[in-house]
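> Sequence plus predicted model, see below.
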Amino acid sequence: MIYAEHLRKEFKKVVKDPGLKGSFKSLFKPKKEIVVAADDVSFHVPKGEMLGFIGPNGAGKSTVIKMLTGILTPTSGQCRINGKNPQTDRKKYVREIGVVFGQRTQLWWDLPLRETYSVLKEIYEVDDDRFKKRMAFLNEVLDLEDFMSSPVRTLSLGQRMRADIAASMLHSPKVLFLDEPTIGLDVVVKDNIRKAIMKINKEEQTTVILTTHDISDIELLCDRIVMIDKGKNVYEGSLRQLKEKYGNIRELNFETAPGFSLTEDEFRSGLELGEDKMTVEKDKNIFKVRFDSTEMPVGEMLNYTLSHAKVKDISFKEADVEEIIRRLYKQGECENE
Amino acid sequence: MNRIGKRYVPFMKAGVQTLIAYRLNFFGFVIGGLIYCIVMFYLWKAVYDSAGGDSFLGFTMTEMVVYLFLANTTTQLTYSTVSGDIGDEIKDGSISMRMIKPVDMDWSYLFTELGAAFMKVVVLLIPVTVGLEIYRYCMLGEVMFRPLNFLLYFLSVILAYIISFRVNLCFGFVAFYVKNLWGFNILKNSIINFLSGSLIPLAFMPDVMRTILEYMPFASMGYTPVMIYMGKYSAYETAFRLGIQIVWAAVMFGISKLIWIGAVKKLSVQGG
């Protein structure tokens, strides 16, 4: 469905020395530097899959999305989506996709929201019947009715984002590109938006590519993730694989009974696990222990803890994806250095 | 045609509605033009008074007034903001949002602007024409309005607008290379104002220069329609000038298409 092969994008950037003197210098003799925003990015997304596209700020996520949506032309490499090349068949291609850039809007800024939808209806040639059904559906999942007649510029961020998502789904696209669709939104709105995406994916087998910094978006929505950093693919695989590979970290939380004293070192002394396999944090009488469960099974850790401390409360937790990704980012940095 | 219409007419509607949302801005634009005309009127009046005699380089004072107001109106009618619009959209990155829609870039810009052009015909061209005809009647004592000239003028204005739009589109696409277009636009506007005869009639220029300028696209963007309206051209010359306009419209259409093909590869959207 979506094939991206060795996508590379270079930008020329004028580098300026600091200060007024530097400004003058670059006015007459600009120093140009080539910035590689994406470097050899390849992946494949089958129909109906939801792919999470993650990476730290400035990793090149948006650049890749822009190449996939036909806005930017790759310096080298190519992509094919639905058998079309976004760069050469732009007009035909974009008819089949929906795009949301969280930091921008495709709504007509000065028009009432309702007008934007009727404009889009004509542009995408949605017939009346289909349009009515679609609007009813979007209205139901995204709750647009309250601000349908307000000019777009007066909408709040949450309202605008819901309206934008609805706009991208209006023509029943085969592929949906969502670039940070939940940025800056409160929990309720995020939840609405996620539900809408899930529903449309389930009912219409829409392929979704999603970039986000919100890990819960990924956990709730995505079957698979591609992670890029500094323009390069760092990881590609399912979330479960990621968890299996890096997710053997468990978190043990326990609270010692009043009057019982135990230091971090005392707790650590009975175990032969190094710093990299286990970390212990203590806050008053609450301990937080992160350890590698392949080195020390959970059961043993439980026995050990119960026999060495007088425990008032105890719990184990699987490491969350956020933690895993943090590790992955760190690992990437180390490898690059 | 019907399908194309359906797809692009919304852009026109949106253009009109945006204009209405900022109507004060639009009227400021119109009133500013009128004030400019009045200042120019007094300037030329001083020139005529000190020159003595009725006619100056083949223009009577009455003709000069007609020229002045009509040239300014024509410039406003054919004025295209598309290069500035593209420049802004590239600077803030919102051009992405246009590119993800299944429409041709040039047509979508054209239709957005046509809304405003239609408004200008209603609130500018019609009142100014009526005003000028009343003025001519008062000064000359007879009705000078020639419906045929007006129709040809209108046709010529449409051609002038097409040329102006395409020239501006080319300038706009330059923004794909230079990122910020502000300075370029100021340069472009002053060149067009001078060379299209909206500042002073091209007839006042030295013969060689006038002949060259009359063949350039700039004259086609303002001077030609005004001269047609004023009946300064013979039937043969009118046809010839309209022909030149058509040629330039075609040439600029081709050039803008070519620039677009190269420019789109250079696009780098800033931020986000």
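Great, that's in hand.

> residues touching the residue most central in space within chain B, list them.
Per Cα atoms, centre = their mean, the C-alpha nearest to the average position across chain B is that of residue B:78, at 2.0 Å. By Cβ atoms under 8 Å, 6 or more residues apart in numbering or on different chains, residue B:78 lies in contact with B:157, B:160-161, B:163-164, B:221-222. (Each C-beta comes from the backbone N, C-alpha and C, glycine too.)

> so what pLDDT did residue A:252 get?
Residue A:252 carries a pLDDT score of 87 in this model.

> Could you check what's spatially nearest to it, not counting adjacent residues?
Spatial nearest neighbour of residue A:252, excluding adjacent residues (Cβ to Cβ, 6 or more residues apart in numbering or on different chains): residue A:289 at 4.3 Å.

> Stretch A:101-112: end-to-end distance?
20 Å (Cα to Cα, to the nearest Å).

> Tell me which stretches of the stretch 1-150 of chain B form strands.
Secondary structure of the stretch 1-150 of chain B (DSSP state E, counting those that start in this stretch): strands at B:55-56, B:59-60.

> Columns mean neighbour count and distance to residue A:261 on top of these, output as TSV?
Below are these laid out as TSV (neighbours: other Cβ atoms under 10 Å in any protein chain shown; distance: least, Cβ to Cβ, whole Å):
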stretch	mean neighbour count	distance to residue A:261
strand B:55-56	14	107
strand B:59-60	18	105
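
> Those: which one's closest to chain A?
Smallest distance to chain A across the strands of the stretch 1-150 of chain B (Cβ to the nearest Cβ): 43.1 Å, for strand B:59-60.

> can you list the residues of the stretch 201-337 of chain A near chain B?
Nowhere does the stretch 201-337 of chain A come near chain B, counting by Cβ under 8 Å from any Cβ of the partner chain.

> Show me where the stretch 201-337 of chain A dips below the pLDDT cut-off.
Scanning the stretch 201-337 of chain A with the threshold set as pLDDT under 70 gives A:246-247, A:319-323, A:326-337.

> Where does it get nearest to chain B, which residue?
For the stretch 201-337 of chain A, Cβ to the nearest Cβ, closest residue to chain B: residue A:211, 11.3 Å.

> That residue against residue A:183, yeah?
No - look at residue A:211 against residue A:183 with Cβ atoms under 8 Å: they stay out of range, at 9.9 Å.

> between the two, who's got more neighbours?
Higher neighbour count among residue A:211 and residue A:183: residue A:211, with 26 against 16, using other Cβ atoms under 10 Å in any protein chain shown.

> what's the more buried one in contact with, if anything?
Per Cβ under 8 Å, 6+ apart, neighbours of residue A:211: A:52-55, A:61-62, A:65, A:178-180.

> swap the cut-off to 10 Å and go again
A:51-55, A:59, A:61-62, A:64-65, A:101-102, A:177-181, A:183, A:217-218, A:226, A:228 (Cβ atoms under 10 Å, 6 or more residues apart in numbering or on different chains).

> Wait, a helix at residue A:57?
No - assessed with DSSP: H, G, I helix; E, B strand; the rest coil, residue A:57 is coil; it does not lie in a helix.

> Name the nearest residue to it, sequence neighbours excluded.
Per Cβ to Cβ, 6+ apart, closest to residue A:57 is residue A:213, 7.9 Å.

> Might you list the low-confidence residue ranges for chain B?
B:1-4, B:179-180, B:269-272.

> before we move on, the earlier item: does the residue nearest to residue A:252 fall in a helix, a strand, or a coil region?
Applying three-state DSSP to residue A:289 yields a three-state assignment of strand.

> Does it have any beta-bridge partners, and if so which?
residue A:252, residue A:280 (DSSP bridges).

> what number of residues lie near residue B:124?
20.

> picking that back up, tell me how many other residues crowd the residue nearest to residue A:252.
22.

> Would you format the strands of the stretch 1-150 of chain B as TSV with distance to chain A included?
TSV is the format used below for the strands of the stretch 1-150 of chain B (distance: least, Cβ to the nearest Cβ, whole Å):
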stretch	distance to chain A
strand B:55-56	45
strand B:59-60	43
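
> can you put these in a markdown table and add distance to residue A:8?
Listed next are these as a markdown table, based on distance: least, Cβ to Cβ, whole Å:
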| stretch | distance to residue A:8 |
| --- | --- |
| strand B:55-56 | 65 |
| strand B:59-60 | 62 |
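
> Any idea which of those strands gets closest to residue B:12?
strand B:59-60 (37.7 Å; Cβ to Cβ).

> quick one: strands adjacent to the helix or strand harbouring residue A:99?
Applying DSSP states H and E as the criterion places residue A:99 in strand A:97-101. Within its sheet, strand A:97-101 is paired with strand A:175-179 (parallel), according to DSSP bridges.

> any idea of the mean pLDDT for the strand it pairs with?
93.

> Show me which residues of the next helix or strand after it are buried.
Sequence-wise, the next helix or strand downstream of strand A:175-179 (DSSP H and E) is helix A:187-204. Within helix A:187-204, the residues that qualify as buried are A:189-190, A:192-194, A:196-197, A:200-201, counting by 16 or more other Cβ atoms under 10 Å in any protein chain shown.

> just how off-centre is helix A:187-204 within its chain?
In terms of Cα atoms, centre = their mean, to the nearest Å, the centre of helix A:187-204 is found 15 Å from the chain centre.

> so is the closest residue to residue A:34 other than its chain neighbours in a helix, a strand, or just coil?
Nearest residue to residue A:34, sequence neighbours excluded (Cβ to Cβ, 6+ apart): residue A:10, at 5.2 Å. When classified by three-state DSSP, residue A:10 comes out as strand.

> which residues does residue A:10 bridge with?
Under the criterion used (DSSP bridges), residue A:10 bridges to residue A:36.

> wouldn't it be in contact with residue A:32 here?
No - counting by Cβ atoms under 10 Å, residue A:10 sits too far from residue A:32 to count as a contact (11.2 Å).

> More neighbours: which of the two?
Neighbours around residue A:10 and residue A:32, counted as other Cβ under 10 Å, are more numerous at residue A:10. The numbers are 16 against 9.

> mind checking how far the more buried one is from residue A:77?
11 Å (Cβ to Cβ, to the nearest Å).

> is stretch A:161-173 up against chain B anywhere?
Yes - residues of stretch A:161-173 contacting chain B under Cβ under 10 Å from any Cβ of the partner chain: A:164, A:168, A:171.

> which residue is nearest the centroid of chain A?
Within chain A, and using Cα atoms, centre = their mean, the residue nearest to the centre is residue A:212, at 2.3 Å.

> Please identify the nearest residue in space to that residue, excluding sequence neighbours.
residue A:180 (5.8 Å).
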